[in-house]
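**Q** attaching a predicted model along with its sequence, questions to come.
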Amino acid sequence: MFPDLHGKVAVVTGGSRGIGAETCLALARNGVKVAINGRDETAIHATAQAIRAIGGHALAAPADCARLSSVEAMRDRIHAEFGAPDFVVAFAGGGTARPMPFEQITEEDWRSSIDNNLTSTFFTLKCFLPAMIARGSGGIVNMASAGGRVAAGAPAAYGAAKAGVIMLTRHLAQETGKHGIRVNCVSPSAVLTERTRQAISDEQEQQMRAAFPLGRLGHPRDVAAATLFLLSSASSWITGVTLDVAGGRVMS
């Protein structure tokens, strides 16, 4: 629990399922009003309802973060209903192709990975940053990935996009520190979301565990806890970092 978060406003992109939804709930438990973004309106509303069920305040804010006009419309609605967010959690993205030889990557695979991960992060920050600068404070946490830290396993386009998110984070942290804004990344490795559980067998999970010094795969709550730490005053002298929430698989 981070008492200093109470009464703040956050927007979480990619908040409808998995790590994003768990982060929305963790923020709400700390007294944060949460605007939940995603493209699946049914899933967004389910997360919003779960927050209201624990006495929290939630706003379903559907938008395609890879389209600037869609993010601008979402921002205007959030500003009108909740005010300008104190925190931006840019988690929209995800894998869009299976690993394949480099020469077999199609233009569609490449553009989809870049747009859904790097471009969506850029558009989100571009839209919400001006109000933070005007206020002179704010916290931003972007979603990287072990695939953007280590060249192994993840599709090349996805890895390149997530590496881009890391460098975008550093540039923005350098530029906005003078405005009282901190910008950081969380970088998960294998996390047992609902989608992951459906995709791997128990035997595969056991085999994967062996690659992690801590002997287990991650849970959405692990990433949510790291995100809240980076938003809270407990990390008030931390900016521009990428926090590997990876069970020791990635060490830097």
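**A** Sure thing, it's come through. Residues are numbered from 1 along each chain as shown.

**Q** in the protein, which helix is the longest?
**A** Identified as the longest helix of the chain according to DSSP state H is helix 156-176.

**Q** which helices and strands sit right next to that one?
**A** On a contact count with 3 or more CB pairs under 8 Å, 6 or more residues apart in numbering; DSSP states H and E, helix 156-176 meets helix 107-113, helix 120-135, strand 138-143, strand 181-188. For every residue, glycine as well, the C-beta is placed using N, CA and C.

**Q** got a markdown table for the ones you listed, with distance to Asn30 and mean neighbour count too?
**A** Shown next, in a markdown table, are the helices and strands packed on helix 156-176 (distance: least, CB to CB, whole Å; neighbours: other CB atoms under 10 Å):
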| stretch | distance to Asn30 | mean neighbour count |
| --- | --- | --- |
| helix 107-113 | 33 | 16 |
| helix 120-135 | 19 | 20 |
| strand 138-143 | 13 | 27 |
| strand 181-188 | 17 | 25 |
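
**Q** nearest to Glu41, of these?
**A** Across the helices and strands packed on helix 156-176, the minimum distance to Glu41, taken as CB to CB, is reached by helix 120-135, at 17.4 Å.

**Q** now do the closest one: which elements does it pack against?
**A** strand 9-13, helix 68-82, strand 87-90, strand 138-143, helix 156-176, strand 181-188.

**Q** tell me how many other residues crowd Phe212.
**A** For Phe212, the count of nearby residues is 17 (other CB atoms under 10 Å).

**Q** within the helices and strands, which one has it?
**A** Using DSSP states H and E, Phe212 maps to neither a helix nor a strand.

**Q** surely it and Val250 touch.
**A** No - counting by CB atoms under 8 Å, Phe212 does not reach Val250; the two are 10.0 Å apart.

**Q** and the helices and strands packed on helix 156-176, which one averages the lowest pLDDT?
**A** Lowest mean pLDDT within the helices and strands packed on helix 156-176: helix 107-113, a mean of 94.

**Q** what's the offset of that one from the middle of its chain?
**A** 20 Å (CA atoms, centre = their mean, to the nearest Å).

**Q** same for it, what does it pack against?
**A** By 3+ CB pairs under 8 Å, 6+ apart, helix 107-113 packs against helix 156-176.

**Q** tilt between the helix it packs on and helix 120-135?
**A** Angle, helix 156-176 to helix 120-135, by axes from the mean of the first three to the mean of the last three CA atoms, to 10 degrees: 10 degrees.
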